[in-house]
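Novice: My questions are about this predicted structure, shown below with the sequence.
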Amino acid sequence: MIELRHLRTLMALKESGSLAGAAKKRFVTQSALSHQIKELETRINSAIFVRKSKPLTFTHEGARLLNLAEEILPKVIATESDLKRGLEGENQQLKLGIECHSCFRWLMPVIEAFKLQAPDAQIDISSRHLFDSLNALETGGLDIVLTSDPVPGHTLAYQHLFDFEVKLVVANDNALAAQAFITPANLAKQTLLTYPVPLTRLDIYKHFLEPAGIEIGEQKQCDLTSMLLQRVACNDGVAALPTWSIKESQGLSLTSVKLGAEGLKRPLFGAYRRDATNANLIQKWLELVAQEGLQLQRVN
């Protein structure tokens with residue numbers, strides 16, 4: 001079987017006119033190049049160039065292979081280039097859905113880095129599908145959804161990006177601030193301050209309180225992280241937040257405590273359609289999000 005490396009060697013021989021020159025072009029030793037040529041000649045049962053000819057002269061068989069190389073290699077190079085920058089005609093719009101209010105805090109650096117890599121792409125970040133984002137993804141309303149709750153199915157793929165920790169934030173003078181960690185029972189009848197999200201969709205409810213059969217006292221909702229933290233500092237309630245959001249509490253009298261002895265760890269996935277027509281853009285975006293996640297973990 002003739003391989004691309006054989007064709008590239010033939011092109012190097014033509015361009016350099018010698019074995020030594022071809023070896024330099026192919027970044028291999030002359031011995032390794034001679035071995036590759038001998039392998040090719042054995043496969044086709046013929047010599048590909050006249051030995052000791054100056055300038056190097058191809059045999060009839062060698063010339064046929066050289067013609068093949070000149071026809072195929074430019075197509076291979078062009079195809080590789082297309083795949084690296086995105087298939088020609090690929091959809092250059094990226095509609096992003098976020099199932100996480102606090103994620104917006106660290107998305108700006110990702111957006112800036114993405115624009116440098118894909119300057120022609122149009123980014124649309126939307127929260128209008130906040131409670132139905134995976135259905136919107138399936139029907140084409142979104143291209144990517146950042147979610148911690150994958151739903152099994154055949155049309156969507158989920159790429160793990162990173163894990164994060166959710167902690168309880170309380171005022172320094174709250175009795176819970178002295179705990180080594182929080183148990184579900186500690187939160188019974190407590191007022192929980194949250195983003196405007198139904199209680200049943202919150203990580204602290206689904207993965208901490210509900211399994212233990214614990215009911216909170218009241219849920220109070222707040223749009224902004226800064227305002228939510230200020231209300232916690234005033235003992236208006238407690239809040240469960242990812243560690244990156246807790247960083248905004250600097251200057252406030254607040255303490256963060258682990259939820260459970262091992263902490264409440266959650267994964268973040270990037271969901272996308274398997275048949276997406278902008279697959280290259282999607283992968284660029286998800287790679288950048290994963291890199292930002294690693295940075296967040298180092299900082300936190």
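Specialist: On my side now, so go ahead. Residues are numbered from 1 along each chain as shown.
Novice: show me where pLDDT drops low in the stretch 1-150 of the chain?
Specialist: 78, 81-91, 126-131 (pLDDT under 70).
Novice: can you pull out the strands in it?
Specialist: 49-50, 57-58, 93-98, 122-126, 144-147 (DSSP state E, counting those that start in this stretch).
Novice: so what secondary structure elements neighbour the second one?
Specialist: Strand 57-58 makes packing contacts with strand 49-50 when contacts are defined by 3 or more CB pairs under 8 Å, 6 or more residues apart in numbering; DSSP states H and E. Quick note: C-beta positions are derived from backbone N, CA and C, even for glycine.
Novice: which residues are in contact with the strand it packs on?
Specialist: 13, 56-59, 62 (CB atoms under 8 Å, 6 or more residues apart in numbering).
Novice: between the residues you listed, which is closest to Leu193?
Specialist: Closest approach between the contacts of strand 49-50 and Leu193, by CB to CB: Leu13, at 72.6 Å.
Novice: Buried ones among the contacts of strand 49-50?
Specialist: Among these, the ones that count as buried by 16 or more other CB atoms under 10 Å are 13, 56, 58, 62.
Novice: Just give me the neighbour total for the closest residue to Leu268 other than its chain neighbours.
Specialist: Closest residue in space to Leu268, ignoring its immediate chain neighbours: Leu161 at 4.8 Å, by CB to CB, 6 or more residues apart in numbering. Close neighbours of Leu161, defined as other CB atoms under 10 Å, add up to 20.
Novice: Return the list of strands paired to the top strand by length along the chain, each annotated with direction.
Specialist: Counting residues, the longest strand found in the chain (DSSP state E) is strand 156-171. Counting by DSSP bridges, the strands paired with strand 156-171 are strand 239-242 (antiparallel), strand 254-259 (antiparallel), strand 264-273 (antiparallel).
Novice: tell me the mean pLDDT over it?
Specialist: Averaged across strand 156-171, the pLDDT comes to 94.
Novice: Pick out the most distant pair among the buried ones among the contacts of strand 49-50.
Specialist: Leu56 and Gly62 (9.5 Å).
Novice: quick one, helices of the stretch 51-200 of the chain?
Specialist: 60-85, 104-117, 133-138 (DSSP state H, counting those that start in this stretch).
Novice: Take those helices and lay them out in a markdown table including distance to Leu288.
Specialist: Output for the helices of the stretch 51-200 of the chain, formatted as a markdown table (distance: least, CB to CB, whole Å):
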| stretch | distance to Leu288 |
| --- | --- |
| helix 60-85 | 16 |
| helix 104-117 | 5 |
| helix 133-138 | 19 |
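Novice: between those helices, which gets nearest to Gln297?
Specialist: Using CB to CB, the nearest of the helices of the stretch 51-200 of the chain to Gln297 is helix 104-117, at 11.4 Å.
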